[in-house]
Structures are given as structure tokens and as C-alpha cells.
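J.: Fold the following.
(2 chains)
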Amino acid sequence: MLGELFKGLGTTLRYIFKQPVTVQYPEVKRPVRERFRGRHELKRFADGMERCIGCSLCAAACPADAILVVPAENDPEHPRSHGERYAATYEINMLRCIFCGYCEDACPTNAIVLEHQYELSFYDRRAAIYTKEMLLVPPEQGHGEPPPILSQLQRRPSPPALIDL
Amino acid sequence: MPDVTITVDGVTIQVPAGTNVVDAARLANVAIPVFCYHPRMQPVGMCRMCLVQIGTPRLDPATRQPLLDAAGKPVIAMMPKLQTGCTTPVSEGMVINTVSEEVQFAQRGVLEFLLTSHPLDCPVCDKGGECPLQNLTMQWGPGNSRFDYNDKVHFEKPVPLGDLILLDRERCILCSRCVRFQDELADDPVLGFDHRGRNWMIISRSDPPFASKFSGNTTDICPVGALTSSDFRFRARVWELNPTPAVCTLCPVGCNMSLDMRHEHLMRVMPRENAAVNDIWLCDKGRYGHRFIEHPDRLTTPLVRRGEELVEASWDEALQLVAERLAAIQSRHGGQAIAGLAAPRLSNEDLYLFQKLVREQLESNNLDHGIGAPGEPAPDELGALLAVGSGTNLMQLGAGTAVLVLGADPEEEAPLYVLRLRAIRQRGGQLIVANLRPTKLERSATSALRYRAGGELALLHGLLYELERAEGAARPSIKTSGLDQLRRTLRGLTSAQAAEHAGVSSAALAATARTIREAENLIIIYGAEARSAGPAVVEALGALLVLSGKAGRANSGLIALLPGGNSRGALDLGLRPDARPGYAPLARPGLGARELWPAIQEGRVRALWLAGLDPAASLPAARTAIAAAEFVVVQDLFLTESARLADVVLPAASVAERDGTYTNAERRVQRSRQARSPLGQSRPDWQIVAGVAQALAELTISSGAAPAASARRGPAVASAPMGWDYLNVAEVAAEIAERVPGYAGASYAALDATGSPGPWGRQVNEAIYYDGTNYENTEGVGIKLPSLVEDGKTSVSLAPRAVPAVADERPLLLLAQPLAYGGDPLLRGSKLAAHVPAPYVALSSVDAEKLNIKPGDMVRLDSAAGSLSLPARVVSDLPPGVALAPADLPGAALAAVQTGPRTRVSLVKIVTG
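T.: Sure thing, here's the model as predicted:
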């Protein structure tokens, strides 16, 4: 019996001199994997245009019915996205979302990306609905280049031509 | 037609001779993909998608008999090249192969080529999800392309074809379905092709562009997303829509439509297939004219007058007030001091309960379904008495059918009938169009008669004379009275005399009579112009049907084009002062709308209840009367002019927010369903009426008086204490079916039946024809009520009515012109509001020259009733002596000059400056 006690304490003693696995969250945050699926972001092209064209394919692919897209027609003078259509409303209910990433797969313009932000907590259900303003990245942080065809044509081409392959 | 035996992919079937290969294969459950072919239009073989292998039995040149092989089977000679299935009619013994490697190679090639110039912008395309090009590519396409994606030709998009339809040239596959629809079906040949090669494109050739009342249908039949409607562009993806079966109430056709909702919002309106009513089409008024449902001006709460202002109130408060005031007026002045007017767009249930409350509870016969404008003709009874018989199906009519359209402009009064009548004509029917002015339907007629103004009765008497004179004249198939009197009148005629009075040639008269006599079926359609000539004309039309021996049969009868979506229902259900539901005449009729206004002024009528009508907007007499009335209740969608003058305003639910049935022009009862919850606190009209009735009943109980109304009620409804606690609208419909003659059987369960679709119904390859075009009808095609004479007891009076002579020497005859895009307040908020013309009076060029009037000049119309100033339009082919003015445009109250449906006016040019 005494032997087992020392055996256990021995394990404790051994770990005292090892690097602890505990992370002091939230002061210290554990890095996530490259393909971690966290909070969504709506990306932009380098020219500042929204990538999202309001096609609703993410909403169609969503198994949890967490996404609401209400599309509208772009004002040709002040377009928000390339092409004729943009998302006037884009909302994701984070309580419903299961972070499966199907929306990313469905997106024809790579507009929606599940990023690495995972700190999602809310005081009420309403706050769990992320609106387009919250999801859309600021213009300077957008990624991706418009494909050369766009600069070639100098007009509003068909949106899938924007896929950066 | 005789059947021929063919073999499709090894399946041997019999199909009618003359069927093309695509349709024949459909009957064998084999799908041949098509883009340009559409079953309602002539095949053109433009898209090459329907290429198949076709073989026919080899014939022995000597005997002309099929050669037989060793096994005794006919030797099949396959055609050396693939054939287009849509342009190839079947023949006896034909063998069709749709799945061979050669056919598949061709199909893949066609699709690969179509996709080379297609932008593949499906994610933003409104057709995506119901697109034949998508579907056919998935099923028959090559899977990948050998062409460079960046080589695609790009055009600027979109190009407006009109203000309703936009063209995306990149997406267009040039199948010409839209062009052919406009040419063949709609008879508005406004679309065409322009340029050639890569720049080949659809253009609109009319001014204003795409001037057609059927333009929305081109977006349906477009097999790609090239044509989109400005009404629906980018509003939602089609798979997100929740289609609700509804019935259009904007005109008497009663088209079946689908309200495509998303989260309680109306996204678009689509046609719903009903072979007997609208086939697979919908006019632009029905398609784009339903935006009033979500108009921000809709009433949402009951309003009660406090002093000068209308303030919001609760339903209980408002209903209580209505009941108290009505009961007080009833007890002080009797029921005849109360009057009720209900709009002919309300559902049968609303109208029935409205008349039940006014008639049975308030004991008044002061009921009507119009506003009493001088231009309103007498209520139309013959349209129900001699309506087209039960079993009528416009889809089956063709050769052997004569359709007489007299005094009607179907394009404006009931647009979809234009498509149906043209289809009957194309299937070999005779279409006779008789009018005093040119209408567009005339172009489609087999024979067109243009009679003189006031000559319609002479024309009809001439036709009756010819019918009577003919050898072996048909006997009336129904009970009639007054035939001898009619014969006596006709005996005094000669054909030449009648023709001269009518202003047509006697040869045309005789030919028309012969067509009518020889036809198997006779449908007579009459509209505002015929009805404005007086009841004698309508009765003569009835006599024409009776004397042709075709009355009371399926596919024969009268169709009256009445204003409003449910005028026939209003008449059937007794929304008139002189008859109960089912056209049972009353011994002591009440006041109609026209007599009502002076009666209110004189204090004989003190309370007025308006359901969905706005007399104050267009009728000055009504406006003063409503202001003078002791108590006015208005239930409506909007705060109308009349509502502003009312004591209580009750918000009503729109057609999309409630269930109900509607009776169309040919007396088909159809059910419309609730697409969204009522806006705000609004309630369906029948619930409002029932609420008032219940408040009245509670009042009677609490005041201790004997409930007079319930004492009379028979045991049939005894289970319901006061007869007013309907749980839902189906209970009202059940009571209508029970109590209204002719409506027996029109229960909700029966209305939901769809019947067998027949060979044109949806088949295995429905997506090819119908994807994105319309909705299959799974919710009921409605019930065609029998005409009243079909019971074998009802008798029709043929005695000619004396026509009162008009003693007015003014030179011009002013007719109210019905317009599809007229002053209907329900068009508000829709794209069609821009199509409502400014007020005008149209003159013939002869008259205009005589009076020195140029287009745009202001002219003053003077009649015995008053005068009105309007800008003039000069129409070259209008007959001299006739002036036309739209009746109900905002800003031009034609009622100011009208002395009746037809008014003699004189015209003066107003010289300004």
C-alpha cells in the first residue's frame, strides 16, 4: 500500500519539472490549427469590393439553417460587389451554426471563410445573430486579388469570373 | 385523329397521328431534352437539343407494303442523320432511339456549344435553381468543356427590353421562345432578332418598348435567365420561396397563381397551371399588380372617429361601436335606414356574410356591389342564367367551336382570355369579333364585324332573323318564354334592313349567322361596351344562344366580362337590392347604390357600410352623401377618400392574407389560400362582418330584447346559437353550399380536387417543359358551377324589350373605356403604376378635324349632366361620332358628365391664352 502511494507521488514529482500543458486562458491563448473552423468572416477583394454576391448558396448548403441572405441589385454607380448582385442583409445565427464549413465550400467567390476566432459567447439570443457589418472585414484587411480578366474587361463581368483559382 | 404505333427506345405505344416525336416520346415516359420547343407553340428546331435517331419501315416499292425480315418483323430504315424530334411528326411503325451513343454525342456537343457563350453566372442568376439549361446540362451535358473559360464573349448587362423585362444578352441561347410567344400566342409581335452571328440578340421593336400585357410570361418560358423581370430581380433564390396557391382577383378571369413568399414577404407572383382557366399563363396585371399587399399605406389598426380625427382603437371597441350605432339606427328608423355596399373583389364568403348580416340581421335590402356611378350598367343576370355549361373546358375547344365576342375588349377587361381565344382559333375554332371600335382581338378573328354605334341590337336581331329563317332551325334546348313575341318582332325585319341599321353588310351578317348555326359549340363573350348599350342587347345575345339550340350545354354559353374579380360571385350571392342569393327576386327590393346617395341626402338612409369600395373618390354625389350620413363604417385595405369621411374604419386583410373562394366570369368557383398572416391587426372581411354580427347579438341579449333574427332561422344552423360563430372560412363556404342555389357541391374539399391531368399534364420529363415556367396545380382547379338553366326548370325570357329612345341631340357618343391598367387603387406600389395613362378623351380623326382639335388640346365635354375638361387624343381608326374616355383614372371623374353607361356629349376645344 505504501509502495503505491510513493508510486503516485513519484508521478507528481516527475511532472513538477516538466513544462505544464495548461494554458492560462484567457491571458494566454492557444494557437489553433491552420484549418480550424471558427467565426466566419466575409472577405473583400483587394480593390475593396465585397466578395459576397448575395447568391445564397451558403444558406442553401447550411445544414443548420443558420444563414440568412437577402440579396439586392447593385447600384451601377456605387457597386458594393463585382457584378449585379450583392447581399443587402447577411446574417449568421451563431447559436445555430455548427461550424461545419459547408458555406465555405459552397461559396463561388470564396467570400465566406471560417476564421480562427472562437470566442463566441452572448448575453442574449439576439446577440448571437451576427450581421453583415460584424462579419465583413474592413477594406484594408481583405484578401485576394481580382482576377486579370476583370481589369481586362473594365466592365461588370459575370461574378464567377472572380473566382481566384 | 387515328392513332399510329411507334417504338420509342424499345417501348411500343400508340399516339395520335400528327404528334411530334418529342411529345410522342413523352407519352412513352421517355424524355427528349429541348430548349426551343414548347408544347404551346409551333416547333422551329432552332436549338438542336432534341436530336434523335429516327427510322421508318422500309416499303416494298411495288406493293407499298412494309418489307419484312426473316423473323417477320418490318425492316427499319434508319435515317442517315439525326433528326430534330420537335419538327418531325410521327408515322406508322416509326422507331425512335433517344439513348444511343450517337444521340448522346450530339446532345453533349449541343450543350457544350451552348455553354461556350453562356456566362455561367448561375450564382447571381434569377433563373438559377429552376433553369432548364442547368438541369439539362446536369442530365445530358458533357461534364467539362474543351473551350477556354476566358474566351467567353461578354456583353454589358442588363439591357432593358421594357420597364418590366430586362435582357441579359450573355445568357440568351437564342431559342426564340419569347419572340414566338409574343408573335404566336400573345399577338403582340414586339420582340425580334437583331444583328447576326455572335451579336445576334433579342430586341424590342415597339414604342413604348415591350408593349404587351403578357410580357411576364416570356420570363417564365425563357429556358435560361436571359429575361428577368424588374419586379423580381435579385429578390430571392427560387428554392427559398414558399409558393402559396392563390387566385387573382384583379379581373374576372380568375387566373390561378402562386404567391411566392419568403418570410411573410411577397417575392413574386407566378402562374399556376389550370387548363380550364389560365392554362400556364398569367397577364402582367396579375403578375406585377399584387404589390398592394405589402404597401406601407395599408391600414393596420381599427380607427374610430373622435371629433374631427380618426384615432386608433381596439377591435372590441370598434366592433362594439359599430354594433351599437347600427342597432340604434335600426331600432329608431328601421332596417331600411341602413345600407351596405361591398366590393366585387371580395371573396364569396365575405360577400355572403355581408349580405346575410345586412339582409337578415339588420333587415335591409339596401345592398349593392358597385358605387352607383352613372356609367354602371344594369346588373348582369344572363351571364349566370345562360353561363357556359358545367364541364366546359376552354383547352379542349377548337374546330367546331364558334366564339362570338361582342362589345368587349378582352385585352383590357380580361387580358388572359385573349390568349385562350387565340388558342381556340389556332386549334381551328371560329372567332367572330364584333365591336363598334377597333380592338386588338380583331386581328386574331376569323371574321370581324364593325357595327355602327347603337347598331348592336339591329345586328343581333339580324343574326336572330337569319337563324330563324334557316332551314331546319334548331329548337331551343331549354325552357323559354316569349319566343312568339320575339318571332313577331323578327318577322317585321328583313336581312338587308337589319344589316343597314347595324352598319354591316348583309353578306357578313348571313355568314356570321351560318357560322353560329353550323358550330357545334357557341361561346358568346360580351363586355362593358355591349352592356353599356342596355339590357336589351344582352338579352338579344341570350336569345341568340337559345335560338342556336346550344344553350345549357357544356362548352356553350355566355361569358360576361364584368368589372372586378368577383362580380359574378357578388351577383350570385345577392349583393344587389332586388334579389337574394341565387338570383331569387325580391318582392320589395331595397335601394341600389345609385338611389342610395339621394336617399342618404334626404335622410331616408342613415347608416352606410362600405366594404372595400371607395365611392367618395370618384363620385361627388357619394362624397357629399357620405359626409352627410349619420354613421359610416368602412372596411378596406387603405385609408381611402371614403374612409377619411367614415366614423369607423376597419382594417381588412388582403387576398394574400386569408382563405376564400372566388367565382370567375364563366362561373368557376376557385379557392385561394392564405399566404401570410394578416398585416398588423387587420382581419379578413368575413371575420369583420361576423364580429359585428356577434357584437349585435350580444347587444340584443344584454338588452333583453327577443333576438328577432335568430328566431326565424331554420334548424339547419341551430347548432350554432346565433349562426355567426364561424370557426373558419370553410364553415362559411359550407353554409353557402348549403343555402345558395347552384353552389351545392362547392365545398372546400371538392374545390381542392385537381382531376386527371390528361396528356398535357405533368409527365416524367416535366422539367423540360415547365421548369421555371409555372407551378403545377396540386391544390385544386375549382368547380365549374352549372348554369342556372341546366336545372331544367329555370326558364329564359326571350321577349324583346322595348328600347327607350334617347332624346339628346348632342353630336358625340361618349363611351367609358375599360383599361387593364386603369385607376384600380390596387395597382399602387407596383411597377404597373407607371403604365396608368394620364386622363384623356379619344376622338376619331374625322371628328377631330371637324372640331379643329389636335392631339394634346384641352377639350371640354358637355352633357346633360355636366361638363369635364380633358386633354384630347386623336385615334385614326375610331369611328366618327364616338368619343372614348377611361372611366376611373385618378383626376378625371367621368361621372361628372355621364348620364348613363352611354352619354351624348358635345365637345368644345378650350382655347387658352
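J.: Nearest residue to the closest residue to chain A within the stretch 401-550 of chain B in space, please, no chain neighbours.
T.: Closest contact between the stretch 401-550 of chain B and chain A, by C-beta to the nearest C-beta, is at residue B:415 (28.0 Å). Every C-beta, even on glycine, is put in place using the N, C-alpha and C of the backbone. In space, and not counting its chain neighbours, residue B:415 is closest to residue B:283: 3.8 Å by C-beta to C-beta, 6 or more residues apart in numbering or on different chains.
J.: thinking again about what came up before, next, give phi and psi for the residue of the stretch 401-550 of chain B closest to chain A.
T.: phi -50, psi -40 (degrees, to the nearest 10).
J.: What residues are bridge-paired with residue B:884?
T.: residue B:815, residue B:842 (DSSP bridges).
J.: how much space is there between it and chain A?
T.: Between residue B:884 and chain A the distance is 39 Å, computed by C-beta to the nearest C-beta, to the nearest Å.
J.: and that residue, how many residues sit next to it?
T.: As a burial measure, residue B:884 scores 19 neighbours (other C-beta atoms under 10 Å in any protein chain shown).
J.: Would you list the phi and psi of residue B:699?
T.: Here residue B:699 shows phi and psi, under degrees, to the nearest 10, equal to phi -60, psi -40.
J.: For the stretch 701-850 of chain B, just list every one of the helices.
T.: Taking DSSP state H, counting those that start in this stretch, the helices of the stretch 701-850 of chain B run over residues B:708-712, B:729-739, B:748-751, B:766-770, B:845-850.
J.: Downstream of the longest helix along chain A, the next helix or strand is which one?
T.: Counting by DSSP state H, the longest helix found in chain A is helix A:2-16. Using DSSP states H and E, the next helix or strand after helix A:2-16 towards the C-terminus is strand A:40-42.
J.: remind me which residues of chain A are low pLDDT?
T.: Counting by pLDDT under 70, chain A shows low-confidence ranges at A:142-165.
J.: ok, back up a step: residues in contact with the residue of the stretch 401-550 of chain B closest to chain A?
T.: When contacts are counted by C-beta atoms under 8 Å, 6 or more residues apart in numbering or on different chains, residue B:415 is found next to B:213, B:214, B:251, B:253, B:283, B:284, B:285, B:820.
J.: Residue B:60 against residue B:66, yeah?
T.: Yes. If you go by C-beta atoms under 8 Å, residue B:60 and residue B:66 touch, sitting 7.4 Å apart.
J.: Which of these two has more residues huddled nearby?
T.: Using other C-beta under 10 Å as the criterion, residue B:60 and residue B:66 rank with residue B:66 on top: 16 against 11.
J.: what about the closest residue in space to residue B:586 that isn't next to it in sequence, neighbour count?
T.: In space, and not counting its chain neighbours, residue B:586 is closest to residue B:578: 5.6 Å by C-beta to C-beta, 6+ apart. Counted with other C-beta under 10 Å, residues neighbouring residue B:578 total 18.
J.: Equivalent analysis for residue A:27, please.
T.: 6.
J.: What of residue A:65?
T.: 11.
J.: all strands of chain A, in order?
T.: For chain A, the strands defined by DSSP state E cover A:40-42, A:67-73, A:85-93, A:112-114, A:129-130.
J.: will you turn these into a markdown table that also has mean neighbour count and distance to residue B:434?
T.: Converted to a markdown table, those look like this (neighbours: other C-beta atoms under 10 Å in any protein chain shown; distance: least, C-beta to C-beta, whole Å):
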| stretch | mean neighbour count | distance to residue B:434 |
| --- | --- | --- |
| strand A:40-42 | 23 | 64 |
| strand A:67-73 | 20 | 47 |
| strand A:85-93 | 21 | 50 |
| strand A:112-114 | 21 | 64 |
| strand A:129-130 | 18 | 64 |
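J.: Figure out which of the ones you listed is closest to residue B:375.
T.: Closest approach to residue B:375 among these (C-beta to C-beta): strand A:67-73, 42.0 Å.
J.: Please see if that closest one touches chain B.
T.: Yes. Against chain B, strand A:67-73 shows contacts by C-beta under 8 Å from any C-beta of the partner chain at A:70, A:71, A:72, A:73.
J.: Alpha carbons of that strand, in CSV - could you do that?
T.: What follows is strand A:67-73, C-alpha atoms only, in CSV (Å, rounded to 0.1, in the frame of the first residue of the first chain):
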residue,chain,number,x,y,z
ILE,A,67,-27.6,31.8,-42.6
LEU,A,68,-30.0,34.5,-43.9
VAL,A,69,-29.2,36.3,-47.1
VAL,A,70,-31.4,38.9,-48.6
PRO,A,71,-30.0,40.0,-52.0
ALA,A,72,-30.4,43.2,-53.8
GLU,A,73,-29.3,44.8,-57.1
